[in-house]
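Participant: what's the 3D shape of this:
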Amino acid sequence: MLKLDQARLTTSTVSHTMAQQLPHELDELILKNLRGDMISLKACSLVCHRFASISQQLLFDDVVLDFLASAYLVHASHSIGPQRFKTLLESSPHISELIHSLDIFPNTFRLQTLDDILLPSLPLLVNLRSIGLVTDYWPRPISWPGLSLDMQRALSTAFHSKNIGNIRLRCVFEVPLSLLAECSTLEGLSLNSITFLPEDISKVSEGLWEAPPLKQCPRLKSLHLRISNPTFRNLLTWLMVQNCTLDISMLLQLSISIFNDRFDYSNVDKLLRLVAKSLEVLCFSPLVPESQLSDLNAEMPGPLPLSLLSRLRIFRLRVVDERRSRAPQTTLRPSFFKDLVLNVINQLNPSQGIEELSIKLHWFEEPEGGLHDRDTFLWSALDKTLAAFPTLRLMTVIILQSETDLHPEIVEEIQNGFPLLHSQSILRVEAISTQSGF
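Facilitator: Alright, predicted model coming up:
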């Protein structure tokens, strides 16, 4: 029994000695692999003092503050309740310095709770780098003027703090341009289903917009847009006025998703020309109007100035119909793939230095149960086009389907459609079950 106790003591001593000898940087690298695994990180924070600090940094680095979770059980798996958030900041003030990213999901039926939680909490987040105000059309979107004046000032102060580099707005209506114009350190901006304050747009159109005094104008590096045609036009008009403080001349990444049937693609053309000298990554998702699914005479989007993007390295094309799940019996016309994919890809120049290209699309089955191969003969044309790009090192075909596991026959059919790229080990086929994003 004594020998057994001595052996346990020796093992414990050796383990403790080895843990002490491990460099702190190695502990950090190991625990970073648990990023996003809240349960494991919470357990690690209780192991020892060495793990506690690193685990807390990872736990609170990115916070999702969900005012909907208690009422609708939305996002509850990866978010924190508002009252719990406020209590944590009060009981453990050091946590406020660990928060670098904050996404706010307000309950639009109970906006007073925003004031109760955020007014005392936001000033404590001195190291905040990224902030988002995110709602959905369900239960209902939020209107900026609908917030209390104190809440508007508190959010504006947070958005305009000297450390903020990324801003995300989704389903927020009547956003004042000053909210974006005064972010002096802004580098990344995501606008999803938003509108601008009509008074500000009128001032821009009439040449009466007054830019705020800034020592440093924000220079965007990343811009994500999923907005309606009028909002896109208003944003572009503001970006093109001489006194606009939002500088996109050095933009590196641009994502454009179109969900309006009557979208004016000439606005996309203008925006691409503004960023032609700097853009390196372009994600483009044109709408597939219902009329274009079967109408042989329907017009496709006009040509885009992709050949002018001299620094373009990564191009991602998303061609899916988001209404497909509601009308799965709809049959695509034979030239669908050619019109929406080949016409876009053919606008690229092999001398541009394209390194990565991906196409995300639906995979359909014939009514008889066979695979939809009506368009696959056109893939050979795309295969020959892309094989002429000397710098291309990865071509990914992303299939949108209900299951994330691809059937072998689908993979084989796609590989047969791209013989040149497949033989060069450039082709990759993936499946994904979500329609959003790239």
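
Participant: residue 246 contacts residue 218, correct?
Facilitator: Yes - the pair residue 246 / residue 218 is scored as a contact, 5.8 Å apart, by C-beta atoms under 8 Å. In short, each C-beta sits where N, CA and C put it, glycine included.

Participant: spell out which residues are contacts of both of the two.
Facilitator: Residues within reach of residue 246 and of residue 218 at once, by C-beta atoms under 8 Å, 6 or more residues apart in numbering, are residue 186.

Participant: so for these two, which residue has more residues nearby?
Facilitator: residue 218 (22 against 19; other C-beta atoms under 10 Å).

Participant: could you measure from the more buried one over to residue 130?
Facilitator: According to C-beta to C-beta, to the nearest Å, residue 218 stands 14 Å off from residue 130.

Participant: could you do residue 81 as well?
Facilitator: 21 Å.

Participant: before we move on, what about residue 141?
Facilitator: 21 Å.

Participant: name the SS class of residue 30, please.
Facilitator: helix (DSSP: H, G, I helix; E, B strand; the rest coil).

Participant: burial count for it?
Facilitator: Neighbour tally, residue 30, other C-beta under 10 Å: 13.

Participant: for residue 304, see how far away it is.
Facilitator: For residue 30, the distance to residue 304 - C-beta to C-beta - is 46 Å.

Participant: and residue 151, how many neighbours?
Facilitator: Around residue 151 there are 19 residues (other C-beta under 10 Å).

Participant: same deal with the one 10 residues further on?
Facilitator: For residue 161, the number of neighbouring residues by other C-beta under 10 Å comes to 19.

Participant: ok, the one 4 residues further on next?
Facilitator: Here the neighbour count serves as a burial measure; for residue 165 (other C-beta under 10 Å) it reads 18.

Participant: excluding residues flanking it in the chain, which one is nearest it?
Facilitator: Nearest non-adjacent residue to residue 165, counting by C-beta to C-beta, 6 or more residues apart in numbering: residue 187, 4.6 Å away.

Participant: wait, doesn't the one you found sit right on residue 221?
Facilitator: Yes - in this structure, residue 187 is within contact of residue 221 by C-beta under 8 Å, at 4.6 Å.

Participant: which SSE is residue 191 in?
Facilitator: Taking DSSP states H and E as the criterion, residue 191 maps to strand 188-192.

Participant: helices or strands up against that strand?
Facilitator: Here strand 188-192 touches strand 166-170, strand 222-226, going by 3 or more C-beta pairs under 8 Å, 6 or more residues apart in numbering; DSSP states H and E.

Participant: send me it as CSV with only the CA atoms.
Facilitator: C-alpha atoms of strand 188-192 as CSV (Å, rounded to 0.1, in the frame of the first residue of the first chain):
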residue,chain,number,x,y,z
GLY,A,188,-14.3,46.1,-41.9
LEU,A,189,-18.0,46.9,-42.5
SER,A,190,-20.9,44.5,-43.0
LEU,A,191,-24.3,45.9,-44.0
ASN,A,192,-27.2,43.3,-44.3
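
Participant: what strands line up against it, and which way round?
Facilitator: strand 166-170 (parallel), strand 222-226 (parallel) (DSSP bridges).

Participant: for those strands, give me CSV that also has mean neighbour count.
Facilitator: Compiled in CSV, the strands paired with strand 188-192 are given as follows (neighbours: other C-beta atoms under 10 Å):
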stretch, mean neighbour count
strand 166-170, 21
strand 222-226, 20
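
Participant: export those strands as CSV, with columns for distance to residue 420 and mean pLDDT.
Facilitator: Below are the strands paired with strand 188-192 laid out as CSV (distance: least, C-beta to C-beta, whole Å; pLDDT from 0 to 100):
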stretch, distance to residue 420, mean pLDDT
strand 166-170, 39, 96
strand 222-226, 33, 95
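
Participant: now distance to residue 89 too, for those, in JSON lines please.
Facilitator: Formatted as JSON lines, the strands paired with strand 188-192 follow (distance: least, C-beta to C-beta, whole Å):
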{"stretch": "strand 166-170", "distance to residue 89": "22"}
{"stretch": "strand 222-226", "distance to residue 89": "29"}
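
Participant: any stretches of the chain with poor pLDDT?
Facilitator: Counting by pLDDT under 70, the chain contains low-confidence ranges at 1-21, 69-79, 137-139, 260-261, 287-302, 320-339, 362-377, 401-405, 433-438.

Participant: give me the distance from stretch 99-114 to the chain's centre.
Facilitator: 19 Å (C-alpha atoms, centre = their mean, to the nearest Å).

Participant: please read the previous query as pertaining to stretch 210-217.
Facilitator: 28 Å.

Participant: begin at 26 from now on, thanks
Facilitator: That works, and once the first residue is 26, the last one we named lands at stretch 235-242.

Participant: next, the buried residues of that stretch.
Facilitator: residue 236 (16 or more other C-beta atoms under 10 Å).

Participant: stretch 121-136 now?
Facilitator: 121, 123-133, 136.

Participant: got it, and stretch 375-386?
Facilitator: So, applying 16+ other C-beta under 10 Å, buried residues of stretch 375-386: 377, 379, 381, 382, 383, 384, 385, 386.

Participant: my guess is the first one contacts residue 339. True?
Facilitator: No - applying C-beta under 8 Å as the test, residue 377 and residue 339 come out as separate, 11.1 Å apart.

Participant: so after the strand holding residue 216, what's the next helix or strand?
Facilitator: From strand 213-217, the next helix or strand downstream (DSSP H and E) is helix 223-230.

Participant: so what touches that following helix?
Facilitator: 199, 201, 202, 203, 233, 234, 235, 259, 262, 263, 266.

Participant: what's around the fifth one, how many residues?
Facilitator: The burial count assigned to residue 233 is 9, neighbours taken as other C-beta under 10 Å.

Participant: likewise residue 405?
Facilitator: Residue 405: 14 neighbours (other C-beta under 10 Å).

Participant: so which strand or helix has it?
Facilitator: Per DSSP H and E: helix 404-412 holds residue 405.

Participant: which helices and strands does that helix pack with?
Facilitator: Short answer (3+ C-beta pairs under 8 Å, 6+ apart): helix 404-412 packs on helix 368-370, helix 433-442, helix 444-448.

Participant: a markdown table for these, including distance to residue 229 and mean neighbour count?
Facilitator: Listed next are those as a markdown table, based on distance: least, C-beta to C-beta, whole Å; neighbours: other C-beta atoms under 10 Å:
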| stretch | distance to residue 229 | mean neighbour count |
| --- | --- | --- |
| helix 368-370 | 31 | 18 |
| helix 433-442 | 47 | 15 |
| helix 444-448 | 46 | 16 |
